[in-house]
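**Q** how would this look folded up:
(one chain, ligands or ions: 1)
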Amino acid sequence: MTSAAGPPPTGSPTGAAAYADSFAAETPEQLAARHRALASATAFGTPPPVEPAVGATLAVLAASGSARSVVSIGSGGGVAGLWLLQGMRSDGVLTALDGDPAELRAARRAFGEAGIPSGRTRLIFGTPGEVLPRLSPTAYDVVFCDGPPLEYSAQLAGLLDLIRPGGSLVCHGLLADGGIADRSARDPQSVAWREIARTVREDETLTCAVLPIGAGLLVATKRA
Ligand SMILES: C[S@@+](CC[C@H](N)C(=O)[O-])C[C@H]1O[C@@H](n2cnc3c(N)ncnc32)[C@H](O)[C@@H]1O
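**A** Residues are numbered from 1 along each chain as shown. Okay, the predicted model is just below:
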């Protein structure tokens, strides 16, 4: 992807993945947030933002449910948040949490530059374990998780409790290194992803799918 905001990052996808990303054109403000997040990833080793095709999928999921209330766990620099806001109702509120104040500042900047009214975002510092108990059960249309699975796998029941019937849990990153599909991979991250995927697949109140875009999306929708 080439843009006025800078050259394509190294390691950019090719072929079908590149087409999927190019289809999901980003605004100059989204591109600026993406380039800041990628620069931070290069400089500090922070995880990269979601790919454009993943962002567009988040927007579609939010739009298809006329989402008014969305939670983003691991706000990062706000790239995914901007896509979610794009799909949500114009009066919808995005609650974004992160355990790194610098990431929350970056997300606030991204939302401000994109002209998002301050009342449409709620930025909360903390871990899922600290913040989830303060959120209202069955009040959210979409709960999006993007961060180390070990950080929220233990919170899975609490995450599902937040979602209204018809709403969705969306987890990003389960296909990142192929460990989930490799039975011999016993590293903690692969084990956590396997456990999350197994739990949602076996839950008869959920309809779920794995979408092989970006680093992989696990989508689980609560039956109405
Ligand atoms: C992959 S980045 C999120 C990128 C974001 N979804 C985007 O596309 O802009 C993961 C984020 O999770 C946050 N994080 C990691 N562990 C956390 C924890 N235990 N509690 C809260 N946030 C955490 C990191 O600070 C980081 O900003």
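**Q** Spell out which parts of this protein neighbour the ligand.
**A** Along the chain, the residues adjacent to the ligand under the rule Cβ under 6 Å from any ligand atom are 37, 47, 49-50, 74, 76-80, 98-100, 103, 127-128, 146-148, 151. C-beta coordinates here come from the backbone N, C-alpha and C atoms, glycine included.
**Q** check contacts around A59.
**A** Counting by Cβ atoms under 8 Å, 6 or more residues apart in numbering, A59 makes contact with W83, L84, Q86, G87.
**Q** now swap in A56 and tell me
**A** For A56, the contacting residues are F23, A24, W83, taking Cβ under 8 Å, 6+ apart as the criterion.
**Q** Next: P52.
**A** P52 makes contact with M1, A20, D21, S22, A24, A25, E26, according to Cβ under 8 Å, 6+ apart.
**Q** Quickly check these for the two that are furthest apart.
**A** The widest separation within the contacts of P52, taken as Cβ to Cβ, falls between A20 and E26 and amounts to 13.0 Å.
**Q** So between those two, which is more surrounded?
**A** More neighbours surround E26 than the other of A20 and E26, with 21 against 18 (other Cβ atoms under 10 Å).
**Q** isn't that one right next to P49, touching?
**A** No. Assessed by Cβ atoms under 8 Å, E26 is found out of contact with P49, at 10.5 Å.
**Q** what do those two both touch?
**A** R34.
**Q** so who does S69 touch?
**A** S69 sits next to G92, V93, T95, A139, Y140, D141 when contact means Cβ under 8 Å, 6+ apart.
**Q** at 6 Å instead, please
**A** When contacts are counted by Cβ atoms under 6 Å, 6 or more residues apart in numbering, S69 is found next to V93, A139, Y140, D141.
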